[in-house]
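**Student:** return atomic coordinates for the entry below.
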Amino acid sequence: MIVLAADYVGYEIIDFLIKSNEQIDYLVLDEKNRGNYNEKIILTFTSKYNKEKIIYNDQLSDSKFVDVLENIHVDMGLLAWWPYIIKGKLLSIPKNGWINLHPSYLPFNRGKHPNFWCLVDETPCGVSLQLIDEGIDTGDILARKKIVTSWEDTGKTIYEKSRLAIIELFKDKFQTIKQHQQKIKQNPDEGSFHKSSEIEEICRINLDEMYSARKLFNIIRGKIFYPYPTAYFISNGIKYSVTIKIEKINNDC
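**Tutor:** Numbering: from 1, shown residues only. You can find the predicted model right below:
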């Protein structure tokens, strides 16, 4: 097995695999160290394996290293919150494919920012384990889990719930997946897909445009994810940040 691990999810998955005594041929880390979890991942991994089995993302583009992977006959690849696209010869390296831990309830919200779009489009929020193919989040679904949401959720809380849900789903389904359970083929005409550029356009609120209160609230709360920019509007050449706080009222009357 080769595991590409990043951030908190990557750490939890490595910890689970080590404790489960799974064989890991190589661990690949993101040199940008998102979330500053690389040190914890390395510490956990080296409790069983030596550091020579750890590489970084830039080495995946080295044809000589790809040849090494091909020669060791890797059974499975795991993308544990991995921020980069796997393509080219790497796609065919694991005999049983690459399993991606994806933060949306596929086929809904393929592509970028699913924690935002599930609120704005009012589509199911959730997480999925899926096989990687040459498309973007279009591979067969191995398992998925819905996330319960409320009006108090924001883009940040959905993201945080997604991290916990994908770890739980992986731990629960990993042994079943290893036994080659039935896959769900995605229909390209179902679900939804969003590009990175779309979020900037919708998060600029036009003061002269008509919005339903529901749509406007969803855009604003979906974009609440400190320290990232919020929704905004521009008036007289000045840019204004827009946030919202929604809380359930316990009415005892």
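**Student:** would you map the helices across the stretch 101-250 of the chain?
**Tutor:** 114-120, 155-178, 196-202, 213-222 (DSSP state H, counting those that start in this stretch).
**Student:** name the helices or strands packed onto the helix or strand of the chain with the lowest mean pLDDT?
**Tutor:** The helix or strand of the chain with the poorest confidence is helix 63-72; it has a mean of 90 (mean pLDDT, DSSP states H and E). Taking 3 or more C-beta pairs under 8 Å, 6 or more residues apart in numbering; DSSP states H and E as contact, there are no helices or strands that helix 63-72 lies on. To be clear about C-beta, it is placed using only N, CA and C from the backbone, and glycine gets the same treatment.
**Student:** buried residues in it?
**Tutor:** Along helix 63-72, these residues count as buried under the neighbour rule (16 or more other C-beta atoms under 10 Å): Val66, Leu69.
**Student:** repeat for stretch 130-146
**Tutor:** Quick answer for stretch 130-146 (16+ other C-beta under 10 Å): Gln130, Leu131, Ile132, Asp137, Thr138, Gly139, Asp140, Ile141, Leu142, Ala143, Arg144, Lys145.
**Student:** next one: it to chain centre, how far?
**Tutor:** 11 Å (C-alpha atoms, centre = their mean, to the nearest Å).
**Student:** could you do stretch 198-218 as well?
**Tutor:** 25 Å.
**Student:** avg pLDDT for that stretch?
**Tutor:** Averaging pLDDT along stretch 198-218 gives 97.
**Student:** equivalent analysis for stretch 165-175, please.
**Tutor:** 97.
**Student:** next one: stretch 131-138
**Tutor:** 95.
**Student:** between the two ends of it, what distance do you get?
**Tutor:** For stretch 131-138, the first-to-last residue distance is 8 Å (C-alpha to C-alpha, to the nearest Å).
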